[in-house]
Structure formats: C-alpha cells, structure tokens
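In: Could you look at this predicted model? Sequence included:
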Amino acid sequence: MAELANDSASRPNSGVKITLRRLFRSPGAVLGLIIVSLFLFISAAASYIAPHDYDLANFAMARRPPGAEHWFGNDEIGRDIFSRLLHGARLSLNVGLISVGIGLTVGTPLGLISGYFGGIIDMLIMRLIDIMLAFPSILLAILMVAIFGPSLQNAMIAIGIVSIPVYARLVRSSTLSVKEDLFVEASRGMGANHFRILLWHILPNTLAPIVVQSTLQIAAAIQASAALGFLGLGAPPDVPEWGNMLQKGRTYMISAPHIVVFPGLATLFVVLGFNLLGDGLRDALDPRLSR
Amino acid sequence: MTTYILRRLLYAIPVLIGASFLVFISIRWVPGDPAVAIAGETATPELIAQIRQDMGLNEPLLVQYGIYLRRMFQGDMGNSVRSRLPVTDEIALRLPRTLQLASMSLLVAAAIGIPIGVLSATRANTWIDGGSMIFALLGVSMPIFWLGLMLIVLFAVTLPRWLGLNEPILPPTGTGTWKHMVLPTIALAANSMAIQARMTRACMLEVLRADYIRTARSKGLVERTVIYSHALRNALVPIVTIVGLQFGTLLGGAVLTETVFAWPGIGRLLIDAISFRDYPVIQGTVLVITLGFVLVNLLVDVLYAYLDPRIHYS
C-alpha cells in the first residue's frame, strides 16, 4: 500500500519532467519559450527599462526615423516608439491573460458539465456554443465592442467571451473520454459525489489540452486585441496599445513607415512566440501528434 | 446520405435562429432607447415614434423578435441612419466586392498552401520542411492588417523609390482593375494559406503512415504515383473541408483587409457604420456575414459526407 501511494505521488512529477525534457528538445519550443520569457520580463519591467517617458510628446522630434537616441524612432507627435512598445507589452499581456481567464473560467465548467452529465443539459449547452460559433470570432468581438462602446476593457471581455466555445468544446471532448475510465468508476463506487469526481478526477485529466489551448489562445487574443485597436475599437487614442499605435501611425505610413513597422513587428514576434510554445507543448504533452 | 443532408439542414435552423436572436437583442443592449439608437441622435421625435411603432418596442420581447424576423424574411432590414437608404440596398451594393475578394484569396491560399503542405510532408524533417513550416507559422502569427500596411509601404513607396518610378507598382487602395485586387488578396490570403499548409502537412503525414501506402511502395510503384495517386487523393477529403471552412474565416477577415485597402466591401461598411453608430447597418452586415458563414460551413459538411465514401450518416 505504501509503495502504491509512493508510486502515485511520484507519477505527476515524472510526467512533468518528461514533458519538459521533450519540450526542451524542440528548437521551436525553446525559441517560443525565450520570446515569451522576454515578453513577460518586458511587461513586468517596462517602467524601469524604458529609456524615455512613453507619454512625452516632442513635436520637434515628430516622425523622426530610428537613430542612436530613439532606437525605433519617434511617432506622429514625437513620442519615443521604443518606450511606448515596452509599455504596450504590459497591455498586451493583460489582454492575453484576462481574456484567456474569462474563456477558461466560463468555458471549462460548461464543458465539464456538458460532457459529464450528457442528455438535455449537454444538448442545451452545446446548442448555445454552436450559436456562438456561428459568428466568425473577430466579427462577434467587433459586434460586442460596437454595442458596449469601444474601450480596452470591453475589448478584453469581448475577446474572452469569443473564446468560451473553444474551451467548452475542448473540455467536453476530454471529459467524454475520461468519464468512462476505471478510476472514475472506482471513485463513484466509493461514494464520491459528482462535484468531487468532476473537480478531482476529471478536471486534472483535461489539463494538458487546456494548457496547450491557453498558450495558443493568448496568441490569438493579442492578435485580436491589436486588430480591435487598429479598427479604433480598443483602448483610447493615447494609450500605447500596439493596435492603437498602428491605427494612429497609419496616416503617416507613406512618409514615416517606421511608425507602423515596429508595433506590427512586436505583435508578430509575441504572437509567434506563444504559437511556437503552444505547438511545442502540444507535441511534448501528446507525443502521438508530434513528427 | 439524403437523410444526413436533411438532418444537417434542420440542425442549421436553430443555430440561425439563435444567431439572429443574438444580433436582434444586441441593439437592445445599447445604453439608452433602442429607437433613438436606430434613428440616430439627430432624429425628430416623430421619426423616433414611428420607429417605436414599427419595431413594436412596446410589445413583449418575443413579439418584437417575431416582427424583426418577419421583416427580415421580406428583405427589410430597416434604413441606414447615415444615408437613409435601405440597409438591404447598401449591403447588396457591397457584398459582391467582399465575395470577390474572399474567393480570390481562397483560391490563392489553396493554390500555394496545399502544395507547400504536400512538399513539407513528403520531405518531412528536412530543411525544406523546416523552412516551409517556419514560413507557415509566420503566416499564422502575422496580423493581417499589418501585412496589408507593409505591402502598401513596399509596393507604393519603397520599391518605386528604389526603381526610380514616380508611381506605385501596385495601387494601394481602391478598385477598378485587376491590379487593385493584388495587394488585398495577398494580405487576406496569407493567414489562410499558412493554415492550409500546416493542415495539409498533418493530413498527408497521417496518410503516408497508412498500410496501403506501404503496400503501394512495396508493389514497386514510383514515389510520385504513391504520393499523388494514393496519398494526396486520400488526404484531400479533410483538406477540402479545411479549405471550405477557411472561406467563412475569410469573410470575417475581410473586415480588416477592407479597412486597410479602402476596399468598398461589406466589412468596410460595417466599420464605417460603427464609427457613425449606424446600428441598423451594423445589425444587417453582421447578420449577412454570419449567414454566409453558417451556409458555407453547412455546404462543407455536406460536401465532406459526399466526398468520403467511408462515412455513412444515417
């Protein structure tokens, strides 16, 4: 018995080790991890590492190209683009985390309940999800922001709501396959109630796909938030959100292309980082899917 | 097969009703009076009263939805606040432009994405595979509106300057000639092309592991026959599905591309409508795009059942 307990206690740990070993063996995943770590560091330390005040306008420097003093040049009213990008990283991280948080906290229980109980509850939840999936996701987000008014907060909520169906479906399909397993039946036989079974036995077994999906979803959220910002449906004009910077800089892109080059590149790299990491995690967690 | 198609059609009905209800109810969430939202801030009290009457705003919500649906079936989506023209006319004028852009992008994306995926799978784990997949991942991660902006800078500013030309190599905005199509098509297609390349590679790898491929090879067939006649034909079923589903996504993506290139399609109509708080147009465009999305997905499902003889839907 003691051996058994010992065995089961060591298993998750070794699982994590194996996954990490596989993850570090993939150059793409490592690159993704480096980009994501850098992004997290910049988001945390933006105020300390930004060389200039991100909000300080200097009309004499307006639209100056990149140089020694201002690495990425100056924007349409002379603010330092590099410093604005660093501060914008924090906003992008917020959007990614909050919207994924919304998708997770609403979508996961829906998927668990739907898959576990089946029947009419499953049907109702899934039809609701189908209705949400009837909209192209960016369109649903645009509609919500158009109705509730453009703001960064509404953009985050909209992007989060749009991701609910993704989580609900994912968790439902994992639940369906796990709930028939012997350990669930054993736990039921020992008198565990539905809540306990769902929380302690089924949820942990759906975590791997959730982790992968969340990594990819952060990428999608950052991309969507930049898109909403670009359409003028995100943060207020002065906020250094990357999509916003692209929208403001667009007017001057013929005479000063650097204003739009750098915010776009930043978005591209961060999204690429999360995508690489997500792909790597998927391959590491489910070796059947890897090359 | 017929039963399956019929059932799939029936199944689309509640989804459409639900989606239209969501669009219908959205206007009621706008802070303030929906009649004022629909008539515009500058509307006369008479017009607002008229709209209240038309929409049945004093009736219960479900009755209002009934009125909304009935008018929708008659092709009446109300009038634009901005132009005072019927929303149906505004959409009819611009929808062909969006369809043109989306279909062209889909063709380009498939014509490039699928061969890249096949090449990648048949040369799995070589530098060709690695290079193609980096290219594809860049395509997936690229914000399409930014790609659009970069294409404009490249073809309208940088390249002409290098070549000593006085005019853009390709027109950055507007419509008219085939040249106007090139940049918006590339921008819209990039994402979809990358997704198709990745999916094609995955499907091909799956098929290439199958027993009948080993049999075909051991029969002594040349590699090209094995890949194109045996593997690709079998992988095509899921690939066609993905290509089809991309069309719906392209309709959504058109909102961004049309804004960048000032392309007079339904996506740009939507964004303009949002900035003027033109709610009837917002509702109409979202509903039409969603309808297109649902119908395309439905068509793809049916096509899938038709293409794959192994699937028997009863």
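Out: Happy to help now that I have it. Numbering: from 1, shown residues only, chains lettered A, B, ... in the order given.
In: Tell me which helix or strand comes right after the helix or strand harbouring B:Leu269.
Out: Taking DSSP states H and E as the criterion, B:Leu269 maps to helix B:266-275. Using DSSP H and E, the next helix or strand after helix B:266-275 towards the C-terminus is helix B:279-307.
In: Which part of the stretch 151-300 of chain B gets nearest to chain A, residue-wise?
Out: Across the stretch 151-300 of chain B, no residue is closer to chain A than B:Gly252, which sits at 2.7 Å (C-beta to the nearest C-beta). C-beta here means a position set from N, CA and C on the backbone, and glycine is covered the same way.
In: Of all the residues in the helix or strand that contains that residue, which ones are buried?
Out: For B:Gly252, the host element (DSSP H and E) is helix B:233-261. Of the residues in helix B:233-261, those buried under the neighbour-count criterion (16 or more other C-beta atoms under 10 Å in any protein chain shown) are B:234-261.
In: quick one, the helix holding B:Leu269 and helix B:233-261 angle?
Out: With axes from the mean of the first three to the mean of the last three C-alpha atoms, to 10 degrees applied, the angle from helix B:266-275 to helix B:233-261 works out at 40 degrees.
In: Give me the contacts around helix B:266-275.
Out: With C-beta atoms under 8 Å, 6 or more residues apart in numbering or on different chains as the test, helix B:266-275 has contacts from A:142, A:146, A:231-233, B:80, B:82, B:90-91, B:94-95, B:97-98, B:254-259, B:262, B:278-279, B:281-282, B:285-286, B:288-289.
In: try stretch A:91-106
Out: Under the criterion C-beta under 8 Å, 6+ apart, external residues in contact with stretch A:91-106 comprise A:39-40, A:43, A:152, A:155-157, A:159-164, A:166-168, A:210, A:214, A:217-219, A:221-222, A:224-226, A:235, A:239-242, A:267, A:270, A:274.
In: What about the residues you listed, which are in helices?
Out: A:39-40, A:43, A:152, A:155-157, A:159-164, A:166-168, A:210, A:214, A:217-219, A:221-222, A:224-226, A:242, A:267, A:270, A:274 (DSSP state H).
In: Which among those residues count as buried?
Out: A:39, A:43, A:152, A:155-157, A:159-164, A:166-168, A:210, A:214, A:217-219, A:221-222, A:224-226, A:242, A:267, A:270, A:274.
In: check those against chain B, which are close?
Out: When these are filtered against chain B using C-beta under 8 Å from any C-beta of the partner chain, the residues retained are A:Ala219, A:Ala226, A:Thr267.
In: how about the longest helix along chain B: buried residues?
Out: The helix spanning the most residues in chain B, taking DSSP H as the definition, is helix B:87-122. Neighbour-count burial for helix B:87-122 flags B:87-88, B:90-91, B:94-95, B:97-102, B:104-106, B:108-110, B:112-114, B:116-122 (criterion: 16+ other C-beta under 10 Å).
In: which other helices and strands contact it?
Out: Where contact means 3 or more C-beta pairs under 8 Å, 6 or more residues apart in numbering or on different chains; DSSP states H and E, helix B:87-122 is packed against helix B:127-141, helix B:178-208, helix B:233-261, helix B:266-275, helix B:279-307.
In: now these in JSON lines, with mean pLDDT?
Out: Listed next are the helices and strands packed on helix B:87-122 as JSON lines, based on pLDDT from 0 to 100:
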{"stretch": "helix B:127-141", "mean pLDDT": "93"}
{"stretch": "helix B:178-208", "mean pLDDT": "93"}
{"stretch": "helix B:233-261", "mean pLDDT": "87"}
{"stretch": "helix B:266-275", "mean pLDDT": "91"}
{"stretch": "helix B:279-307", "mean pLDDT": "86"}
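In: Just put those in a markdown table and tack on distance to B:Ile227.
Out: Shown next, in a markdown table, are the helices and strands packed on helix B:87-122 (distance: least, C-beta to C-beta, whole Å):
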| stretch | distance to B:Ile227 |
| --- | --- |
| helix B:127-141 | 14 |
| helix B:178-208 | 8 |
| helix B:233-261 | 10 |
| helix B:266-275 | 39 |
| helix B:279-307 | 19 |
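In: Show me the shaky parts of the stretch 1-150 of chain A.
Out: A:1-13 (pLDDT under 70).
In: which bits of the stretch 151-291 of chain A sit near chain B?
Out: Contacts of the stretch 151-291 of chain A with chain B, taken as C-beta under 8 Å from any C-beta, map to A:219, A:223, A:226-227, A:230-233, A:243, A:246, A:250, A:253-254, A:257, A:260-261, A:263-264, A:267-268, A:271-272, A:275-276, A:279, A:291.
In: now with 7 Å?
Out: With C-beta under 7 Å from any C-beta of the partner chain as the criterion, the stretch 151-291 of chain A comes near chain B at residues A:219, A:223, A:226-227, A:230-232, A:246, A:250, A:253-254, A:257, A:260, A:264, A:267-268, A:271-272, A:275-276, A:291.
In: Tell me the buried residues within those.
Out: Among those, those classed as buried by 16+ other C-beta under 10 Å are A:219, A:223, A:226-227, A:230-232, A:246, A:250, A:253, A:257, A:260, A:264, A:267-268, A:271-272, A:275-276.
In: What are the buried residues along stretch A:85-105?
Out: Burial within stretch A:85-105, assessed by neighbour count using 16+ other C-beta under 10 Å, is assigned to A:85-96, A:98-100, A:102-104.
In: same check, this time on stretch B:264-278
Out: B:264-274, B:277-278.
In: Regarding the closest residue to A:Asp181 other than its chain neighbours, which helix or strand does it belong to?
Out: Ranked by C-beta to C-beta, 6 or more residues apart in numbering or on different chains and with sequence neighbours excluded, the top spatial neighbour of A:Asp181 is A:Asn205, at 7.9 Å. Assigned by DSSP H and E, A:Asn205 falls within helix A:203-230.
In: between that helix and helix B:178-208, how big is the angle?
Out: Using the same axes, to 10 degrees, helix A:203-230 lies at 170 degrees relative to helix B:178-208.
In: elements contacting helix A:203-230?
Out: Secondary-structure packing of helix A:203-230 (3 or more C-beta pairs under 7 Å, 6 or more residues apart in numbering or on different chains; DSSP states H and E): helix A:81-117, helix A:137-148, helix A:152-178, helix A:242-249, helix A:258-285.
In: And the residue of chain A that's closest to chain B?
Out: Relative to chain B, the nearest point of chain A is A:Pro136 (2.7 Å; C-beta to the nearest C-beta).
In: what's near enough to touch that residue?
Out: B:Gly248, B:Thr249, B:Leu251, B:Gly252, B:Ile289, B:Phe293 (C-beta atoms under 7 Å, 6 or more residues apart in numbering or on different chains).
In: B:Leu85 and chain A, how far apart?
Out: Distance, B:Leu85 to chain A, by C-beta to the nearest C-beta, to the nearest Å: 20 Å.
In: so how many other residues sit close to the closest residue to B:Thr173 other than its chain neighbours?
Out: The spatial neighbour of B:Thr173 that comes closest, neighbours along the chain excluded (C-beta to C-beta, 6+ apart), is B:Ala262 at 4.1 Å. The number of residues packed near B:Ala262 is 12, by other C-beta atoms under 10 Å in any protein chain shown.
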